[in-house]
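**Student:** following is a predicted model, sequence given first.
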Amino acid sequence: MNHYIYIWNPDKWTWLDQVEAICKVNNEEYYSQIWSSQNLKKMQRGDIFFLLQTGKGNRGVIGFGVIDGIAKDLPVWDDIRAKKGEIEDKAILSFKALSDTPILSRDELLEKYPNPTNSKWIIQTNGQQCQNELAELLLKGIERKIGNITENNAYVSDDEYYANGKVRKVTITTYDRNPKAREACLIAHGYTCSICNFDFHKKYGVLGKNFIEVHHLNQLADIAVEHEIDPKEDLRPVCSNCHRMLHRKRPAYSIEELKEIIKNNQFIV
């Protein structure tokens, strides 16, 4: 298995769905992006990548994941060159952790994670190979910050990628969510959001009857083993909006923390 470093400079490229992407990844949903890359000939599906935020703002490692394949003959990222018809192959990056603030800041990288190939951690090319010893240190550092990130902590995707006219289906493992536990949670707590009291039935009538999402108070991926769930104690019904907001960071906000955030912002116009 090889390890690679990718970069994102928000001063040069606006990541339009970054907030939604963070929520998806933190909720153990599949999310991928297509990234320009060197070393494509060496890469294999399942190789690990780290995403380093550069630019003028917060710098450091903001994500990591696995290489999910190669997308062929796509326009280059530079608009001027793309208009001229220039194309390139790109890496498909499937994220396992993603944050809008560095998980490992640049100061931490300089102090605790010596990079033998680039001591100042100034990375300017995507897909730069990362030595195995450094990669292991980075993975352990990320895990200390956000919880379990073992390789088995992956996702399911039925996404299809179209490259050179061919369809490739991605299937990766995930943790199972027991539907009986969900049912028991809803019997115990009802169908009203535990955070904002939103009721889909009252808002949408028959269309919203018996509709609600269920949130695991202890994130499944962080536990990483099969375990017993007490639906009344471990699960809560939440509306779609609150569920996304809970997973804006990892570990997720608690129910109480999000209630407090709503309380503190209800008078802001």
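**Tutor:** The structure has been received and is ready for your questions.
**Student:** check what pLDDT the nearest residue to Y253 once chain neighbours are set aside gets.
**Tutor:** Excluding the flanking residues, the one nearest Y253 by Cβ to Cβ, 6 or more residues apart in numbering is L246, at 5.1 Å. From N, CA and C alone the C-beta is placed, and that goes for glycine too. Looking at L246, its pLDDT reads 93.
**Student:** show residues contacting stretch 84-93.
**Tutor:** Stretch 84-93 is touched from outside by 6, 32-37, 40, 43, 49, 51, 65-76, 78, 126-127, 161, with contacts defined as Cβ atoms under 8 Å, 6 or more residues apart in numbering.
**Student:** please flag which of the residues you listed sit within strands.
**Tutor:** 6, 32-36, 49, 51, 65-75, 161 (DSSP state E).
**Student:** just the buried ones out of those residues, please.
**Tutor:** 6, 32-36, 49, 51, 65-71, 161 (16 or more other Cβ atoms under 10 Å).
**Student:** and those, which is closest to L134?
**Tutor:** F49 (13.2 Å; Cβ to Cβ).
**Student:** what sits against the nearest residue to that closest one once chain neighbours are set aside?
**Tutor:** In space, F49 comes closest to Y4 once its chain neighbours are excluded; the distance is 4.7 Å by Cβ to Cβ, 6+ apart. Taking Cβ under 8 Å, 6+ apart as the criterion, Y4 is in contact with S37, N39, M43, D47, I48, F49, F50, I67, G127, Q128, Q129, C130.
**Student:** just to be sure, Y4 is in a helix?
**Tutor:** No: assessed with DSSP: H, G, I helix; E, B strand; the rest coil, Y4 is strand; it does not lie in a helix.
**Student:** quickly note the distance from it to N264.
**Tutor:** 41 Å (Cβ to Cβ, to the nearest Å).
**Student:** A181 reaches E233, doesn't it?
**Tutor:** No: counting by Cβ atoms under 8 Å, A181 does not reach E233; the two are 11.1 Å apart.
**Student:** the more surrounded of those two?
**Tutor:** The residue with more neighbours, out of A181 and E233, is A181; 17 against 11, by other Cβ atoms under 10 Å.
**Student:** next, the buried residues of the strand or helix carrying M245.
**Tutor:** Assigned by DSSP states H and E, M245 belongs to helix 240-246. Using 16+ other Cβ under 10 Å as the test for burial, helix 240-246 gives C242, H243, R244, M245, L246.
**Student:** I'd like the next helix or strand past it.
**Tutor:** Following helix 240-246 toward the C-terminus (DSSP H and E): helix 255-265.
**Student:** model confidence over that following helix, on average?
**Tutor:** Mean predicted confidence for helix 255-265 is 93.
**Student:** what do you get for stretch 28-47?
**Tutor:** 93.
**Student:** now swap in stretch 213-232 and tell me
**Tutor:** 68.
**Student:** quick one: low-confidence ranges for the protein?
**Tutor:** Applying pLDDT under 70 to the chain flags residues 150-179, 219-228, 267-269.
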